[in-house]
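Novice: After the sequence you'll find the predicted model.
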Amino acid sequence: MFSLDWVYYAISWILLTWHSAWNAIGVPVDAVIGTNWSWILAIIFLVVTVRVILFPVFVKQIKSQRAMQALQPKVKELQEKHKGDRETLQKEMMELYRKEKANPLMGCLPMFLQIPVFLGLFHTLRRLSPDKSEAGKTLYGWTVEQFNSAANAKLFTAPIAGKFGSTADELARLGASGHTVKIVAGILVAIMIATTYLTSRQMILKTGWAEDPQQRMVQRLMLYGIPVSLLVSGSIFPIGVIIYWVTNNLFTLGQQQWVLRKFPPLVTAKTGAGARAGAQPAKTGGLLGRKPAAQVPAAKPAAPKVAGPKPGAKPMNPKKSRPAKRQG
């Protein structure tokens, strides 16, 4: 059976390292405004650590999505050409993606790579309970002191191991108030849903809706399906995990804005009647939002210049040069 212990050790090590770093620079160990900031910052900078590691993958995701956008006219042509022949269409599209070095799955890769991190943090925070034996507190490299400190860590007096759907027994073990946990967790879940929607919406507004029905379905799932599912799943996430998710969404919003400004999406020219007749579409410069160069009207041809007399030559009288009229 495949074990995820290496993920739990890695996540624990990053959390403990950041927690020790914030303690070393003087972040108060005791709660301030009902919050143990060293542990909250450790979770936030767990996100920063993961996103810095995955940044090259994120850039590839943006480039792949742009490549898929640029291929939409060709994909539409294939769909019209092989209408009714799904098998041939799939083969032709896979060949097109291979030839153009575009990967339809690259758009979801950063999210898939973060799933082990999410599961590792979820598993680790779920273990935090002050009533565990000392043997259970030293799992995944934690010392008893570190475990007790994390188990008692709070955000506005709500334990980071608590969740909206915590039972009375779980709240009693954490020494928490059910109303406080529900209020803090409920607000965080609402922020998590909103930021999840905004990250998907930001990307779709920049790259546009896909022409391919399957790609469009995936976009709709990302935009509406996942936020709606968080209404249910958010109730079982510990507060610390929701902090991770919200921070990750905010980081994604900022990162996407920066990357999309640095690498703007391409403007795909739509072929019209003129293009079908063989006319070449005007170039737009290839960048979204860039105005096409103003067309300068063609200058009128200048009147031909009459050669003047050479220097030193006598001026010619046009009247004298005319031939004399014959007498009738």
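Specialist: Yep, it's here.
Novice: quick one: contacts for the residue nearest in space to the middle of the chain?
Specialist: Centroid check for the chain by C-alpha atoms, centre = their mean gives residue 256 as the closest residue, at 4.5 Å. Shown in contact with residue 256 (C-beta atoms under 8 Å, 6 or more residues apart in numbering): 62, 199, 202, 203, 206. (Glycine included, C-beta is placed from N, CA and C.)
Novice: Please apply the same query to residue 46.
Specialist: Going by C-beta under 8 Å, 6+ apart, the list of residues near residue 46 reads 11, 14, 15, 18, 117, 121, 244.
Novice: about what we covered before: which two among the contacts of residue 256 are spaced furthest apart?
Specialist: Using C-beta to C-beta, the contacts of residue 256 reach their maximum pairwise distance at 62 and 199, which is 13.0 Å.
Novice: picking that back up, buried ones among the contacts of residue 256?
Specialist: 62, 199, 203, 206 (16 or more other C-beta atoms under 10 Å).
Novice: Roughly how far does the nearest residue to the third one once chain neighbours are set aside sit from residue 249?
Specialist: Okay, so that is residue 203. Once flanking residues are discounted, residue 203 sits nearest to residue 256: 6.1 Å by C-beta to C-beta, 6 or more residues apart in numbering. To residue 249, residue 256 is 10 Å away according to C-beta to C-beta, to the nearest Å.
Novice: Show me whatever sits in contact with both of those two.
Specialist: The contact sets of residue 256 and residue 249 overlap at residue 199 (C-beta under 8 Å, 6+ apart).
Novice: Quick one: the strands in the stretch 51-200 of the chain, in order.
Specialist: Remark: strands assigned in the stretch 51-200 of the chain by DSSP state E, counting those that start in this stretch are 154-155, 158-159.
Novice: Give me the contact list for the first one.
Specialist: In other words, strand 154-155. Applying C-beta under 8 Å, 6+ apart, the external contacts of strand 154-155 come out as 31, 34, 35, 36, 40, 160, 184, 239, 243.
Novice: ditto for the last one
Specialist: The set of residues external to strand 158-159 that reach it, using C-beta under 8 Å, 6+ apart, is 128, 151-153, 174-177, 180-181, 183-185, 239.
Novice: Okay, now the unreliable bits of the stretch 1-150 of the chain?
Specialist: Flagging of the stretch 1-150 of the chain using pLDDT under 70 yields the residue ranges 1-2, 107.
Novice: Tell me which stretches of it form helices.
Specialist: 5-24, 37-70, 72-81, 86-100, 109-126, 134-137, 144-151 (DSSP state H, counting those that start in this stretch).
Novice: of all those helices, which lies closest to residue 227?
Specialist: Closest to residue 227 of those is helix 109-126 (C-beta to C-beta; 13.8 Å).
Novice: What helices and strands are in contact with the closest one?
Specialist: Applying 3 or more C-beta pairs under 8 Å, 6 or more residues apart in numbering; DSSP states H and E, one finds that helix 109-126 contacts helix 5-24, helix 37-70, helix 239-262.
Novice: for those helices, which one sits closest to residue 225?
Specialist: Judging the helices and strands packed on helix 109-126 by C-beta to C-beta, what sits closest to residue 225 is helix 239-262, at 15.9 Å.
Novice: For that closest one, what does the pLDDT average out to?
Specialist: Taken as a whole, helix 239-262 has a mean pLDDT of 90.
Novice: Check which residues of it are buried.
Specialist: Buried residues in helix 239-262, counted by 16+ other C-beta under 10 Å: 239-252, 255-256, 259-260.
Novice: next one: stretch 232-240
Specialist: Quick answer for stretch 232-240 (16+ other C-beta under 10 Å): 234, 237, 238, 239, 240.
Novice: mind checking how far the closest residue to residue 202 other than its chain neighbours is from residue 96?
Specialist: Nearest residue to residue 202 in three dimensions, chain neighbours excluded: residue 256, at 5.6 Å (C-beta to C-beta, 6+ apart). Computed as C-beta to C-beta, the residue 256 to residue 96 distance reads 26 Å.
Novice: do the same with residue 79
Specialist: In terms of C-beta to C-beta, residue 79 sits 11 Å off from residue 96.
Novice: So the closest residue in space to residue 48 that isn't next to it in sequence versus residue 55, what's the distance?
Specialist: Of all residues beyond its chain neighbours, the one nearest residue 48 is residue 251 (7.2 Å), with distances taken as C-beta to C-beta, 6+ apart. Separation of residue 251 from residue 55 (C-beta to C-beta): 10 Å.
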